[in-house]
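> Provide a 3D model corresponding to the input given below.
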Amino acid sequence: MLHVEKWKIYLTILLCILGVAYAVPNMLSAERQAWLQTSLPGWLPNKTINLGLDLQGGSHLLLQVNIKPVLVERMEAMVESARSDMRREKIGFSDIGATDNGITFRLKDVAKDRDAAYKIARSLDNRADVRIDNSSGIVSVTLDERAMDDIKAQIVSQSIEIVRRRVDESGTKEPIIQRQGTDRIVVQLPGVDDPQRIKDLIGKTAKLTFHLLDEDAMVTGRSGPSSLKLPLREAPNQMVIVRKRKMVTGEMLTDAQPSMDQQGPVVAFQFDSIGAKRFCEVSKENIGKPFAIVLDNEVISAPVIQSAICGGRGQISGGFTVKETADLALLLRAGALPAELKVVEERSVGPTLGSDSVASGKKAAVYGFAIVCVMMVAFYGLFGVFANIALVFNVAFIFALMSLLQATLTLPGIAGIVLTIGMAVDANVLIYERIREEIRRGRSVLSSVDTGYRQAMSTIVDSNLTTLIVALILFSFGTGPVKGFAVSMSIGIVTSLFSAVMITRLIVIAWLRKSRPSTLEL
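Prediction:
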């Protein structure tokens, strides 16, 4: 027992030094923390624990995804696809239209076109149920409930990803973005001092499309079945009629950045290879004709194509302010939302509440730590002091790992730390009680200590392993506060096992080698 490999000793000492070093930044003032993060290189200890919404304040938003218009749009897209395919195959049809979960149309010659129409209908969506009534010629393409649920889930998942990109681009640290129910998204933004800007960024759909103007319709002022009448951003009362067919879409953008030119602030963008090729072809065929840049069903600019635009680069101007160009560039980089989001609930947590919570958590941790230390000294004397030293390093390890992992500390997380402090000395209690038993049996001091550490190890590992499994299950299946509790508990269990076994063991070995006692007062 008195022999411990040197590498284990050096490794334990090194980990203790690193644990304290990475925990120290959390004890400094906000000004010093900011100085460390900007002045020191990334590999040095300069990170701190991120405080959650309940500790530092911020905004809590509950968003609802407006799925129905997207489903309608998808069914309309199926109609357009079916109409185009049947015209290409020269199939006679009529009465084509969208339903809530599919499309229907009537064949003029069922016997002749049945097989070709069935093939086209199946190609619209491989999950669709296709039925053809031979007597009436009506073809029904229907998506079942499971397929519709898959589409809805996909829309919500895409919305969550786009919201996450937009929030990350805005510079918000450690946001919590997760699904709630079937069509809602919870967004928690710790430390946000301008929640209205975040709401504006999240709420905009940001669907960017490029259309040619319908010049014939502009003369008459009436839009036809293949055109759209949209308002002009600079003059909302003035309407612009554009062709429905999209030249290029925002999905083909690879980058968008705010910039400046002679007209003022603009957004410079870059197309991918497909978008650049398509825009080049369309612009080459329509030199001298105006085209419209449409954002969320509003024409923000309608320039005339002066020459073929084949470089894949362009810019959007429209009387923007510098802030508007920065926000628009952010939205275009993050991508368009598949559906409109509506804020159905908004809560603000003030910094005063967060400060009170932190203060209460600190008091609980300090009181718990003090009581544990007093009880250990009262029950085990000098060995209790050894356990308390290990407990100090244990707390430092918890803060160091949470800082290194950039974990978010919440109120339940503080509860997990307080609980860990109480549980951290369990391993030492098991070891010390086993040592007492061996001493009562008449064994020597060295033999009793050696047996105590060896025999108690399996029990310590079992008890900590089962607790760790529960904490991991809480993290896997829990949300929000439950996850915060599970994170601090999991880290605390690992650090407690190391500090209670390795650190106290080295301290006891050092003390035994120096004092060589003949008896133990334990």
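> any idea which helix or strand carries F210?
Per DSSP states H and E, F210 falls inside strand 208-212.
> what's the answer for C16, then?
Counting by DSSP H and E, C16 is part of helix 6-23.
> do the same with V70
helix 68-88.
> So for the helix holding C16, what gets flagged as buried?
Neighbour-count burial for helix 6-23, counted by 16 or more other Cβ atoms under 10 Å, picks out 12, 15-16, 19-20, 22-23. Glycine gets a C-beta too; all of them are placed from N, C-alpha and C.
> Ok, stretch 251-269 next?
Buried residues in stretch 251-269 (16+ other Cβ under 10 Å): 252-253, 256-258, 265-269.
> separation between the closest residue to I241 other than its chain neighbours and F93?
Leaving aside its sequence neighbours, I241 sits nearest to A217 (Cβ to Cβ, 6 or more residues apart in numbering; 4.2 Å). Look at A217 and F93: by Cβ to Cβ, to the nearest Å, they are 26 Å apart.
> lowest-pLDDT helix or strand in this protein?
Lowest by mean pLDDT, DSSP states H and E among the helices and strands of the chain is helix 53-56, with a mean of 73.
> Just name whatever secondary elements that one is in contact with.
Contacts defined by 3 or more Cβ pairs under 8 Å, 6 or more residues apart in numbering; DSSP states H and E place helix 53-56 against strand 184-190, helix 351-380.
> could I have it exported to CSV, CA atoms only?
The C-alpha trace of helix 53-56 is given here as CSV (Å, rounded to 0.1, in the frame of the first residue of the first chain):
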residue,chain,number,x,y,z
LEU,A,53,-31.1,31.9,-17.9
ASP,A,54,-32.2,31.5,-14.3
LEU,A,55,-28.9,32.8,-12.9
GLN,A,56,-27.8,35.7,-15.2
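> What does the pLDDT read for the spatially closest residue to G58 that is not a sequence neighbour?
Leaving aside its sequence neighbours, G58 sits nearest to P190 (Cβ to Cβ, 6+ apart; 4.3 Å). The model reports P190 with a pLDDT of 80.
> Just give me the neighbour total for P190.
24 (other Cβ atoms under 10 Å).
> do L419 as well
Neighbours of L419 (other Cβ under 10 Å): 15.
> that older thread, what residues of the helix holding V70 count as buried?
Going by 16+ other Cβ under 10 Å, helix 68-88 has these buried residues: 70-71, 74-75, 78-79, 82, 85-86.
> And for stretch 244-252?
For stretch 244-252, a neighbour-count test (16+ other Cβ under 10 Å) marks 247-248, 250, 252 as buried.
> Which residues are in contact with the nearest residue to S81 once chain neighbours are set aside?
Excluding the flanking residues, the one nearest S81 by Cβ to Cβ, 6+ apart is L124, at 6.0 Å. By Cβ atoms under 8 Å, 6 or more residues apart in numbering, the contact set of L124 is 78, 81-82, 103, 141.
> follow-up on the earlier one: tell me the secondary structure for the residue nearest to I241?
Classification of A217 by DSSP: H, G, I helix; E, B strand; the rest coil places it in helix.
> How about P258?
The three-state label given to P258 by three-state DSSP is strand.
> Check the gap between it and F210 for me.
20 Å.
> same thing with L201?
Taking Cβ to Cβ as the measure, L201 falls 23 Å from F210.
> Compare neighbour counts for these two and give me the winner.
Neighbours of L201 and F210, each counted by other Cβ under 10 Å, are more numerous for F210; the result is 22 against 18.
> A helix includes T182, no?
No - the assignment for T182, made by three-state DSSP, is coil rather than a helix.
> is it true that it touches S157?
No - contact status for T182 versus S157: not in contact, 11.8 Å apart, counting by Cβ atoms under 8 Å.
> re earlier: pick out the most distant pair among the buried residues of stretch 251-269.
M252 and P265 (23.2 Å; Cβ to Cβ).
> Output the buried residues of helix 68-88 as CSV; include the columns distance to V343 and pLDDT.
Shown next, in CSV, are the buried residues of helix 68-88 (distance: Cβ to Cβ, whole Å; pLDDT from 0 to 100):
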residue, distance to V343, pLDDT
V70, 18, 85
L71, 22, 88
R74, 25, 85
M75, 27, 88
M78, 31, 87
V79, 32, 88
A82, 37, 88
D85, 41, 88
M86, 43, 90
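> what would those residues look like in TSV with distance to G492?
Shown next, in TSV, are the buried residues of helix 68-88 (distance: Cβ to Cβ, whole Å):
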residue	distance to G492
V70	45
L71	47
R74	49
M75	53
M78	54
V79	58
A82	60
D85	62
M86	66
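> so which of those residues comes closest to M402?
V70 (39.9 Å).
> what's that closest one in contact with, if anything?
155, 338-339.
> Roughly how far does it sit from S81?
From V70 to S81 the distance is 16 Å (Cβ to Cβ).
> Now do the helices in the stretch 251-400 of the chain.
273-285, 322-334, 351-380, 382-404 (DSSP state H, counting those that start in this stretch).
> low pLDDT regions in the stretch 201-350 of the chain?
318, 349-350 (pLDDT under 70).
> hang on, the earlier thing: distance check, the residue nearest to S81 against I389.
71 Å.
> Please parse the chain into its domains.
As assigned by automatic domain parsing, the chain contains the domains 6-57+352-515, 81-141, 208-315.
> just so I know, which of those domains lies nearest Q178?
Evaluated over the domains of the chain, closeness to Q178 peaks at domain 6-57+352-515, with 6.3 Å, by Cβ to Cβ.
> now the end-to-end length of that closest one.
21 Å (Cα to Cα, to the nearest Å).
> Could you find the closest non-adjacent residue to C373?
Leaving out its chain neighbours, the residue that sits closest to C373 by Cβ to Cβ, 6+ apart is N388, at 4.6 Å.
> give me every residue that touches the one you found.
Applying Cβ under 8 Å, 6+ apart to N388 gives the contacts 372-373, 376-377.
> Most neighbours among the residues you listed, which one is it?
The most neighbours of any of those, using other Cβ under 10 Å, belong to M376, which has 21 neighbours.
> That residue touches N428, doesn't it?
Yes - at 7.4 Å, M376 counts as touching N428 under the criterion of Cβ under 8 Å.
> State the helix or strand in which I198 lies.
According to DSSP H and E, I198 maps onto helix 195-203.
> Report the inter-axis angle for that helix versus strand 184-190.
Calculated by axes from the mean of the first three to the mean of the last three Cα atoms, to 10 degrees, helix 195-203 forms an angle of 150 degrees with strand 184-190.
> Flag every buried residue along helix 195-203.
198-199, 201-202.
> and the angle for that helix with helix 322-334?
Helix 195-203 and helix 322-334 are oriented at 40 degrees to each other (the same axes, to 10 degrees).
> export helix 195-203 as PDB, just CAs?
Provided in PDB are the C-alpha atoms of helix 195-203 (Å, rounded to 0.1, in the frame of the first residue of the first chain):
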ATOM      1  CA  PRO A 195     -34.400  40.500 -26.900                       C
ATOM      2  CA  GLN A 196     -36.400  42.500 -29.500                       C
ATOM      3  CA  ARG A 197     -33.600  42.200 -32.100                       C
ATOM      4  CA  ILE A 198     -33.400  38.400 -31.500                       C
ATOM      5  CA  LYS A 199     -37.200  38.200 -31.900                       C
ATOM      6  CA  ASP A 200     -36.900  40.100 -35.200                       C
ATOM      7  CA  LEU A 201     -34.200  37.800 -36.400                       C
ATOM      8  CA  ILE A 202     -36.100  34.700 -35.400                       C
ATOM      9  CA  GLY A 203     -39.500  35.900 -36.700                       C
END
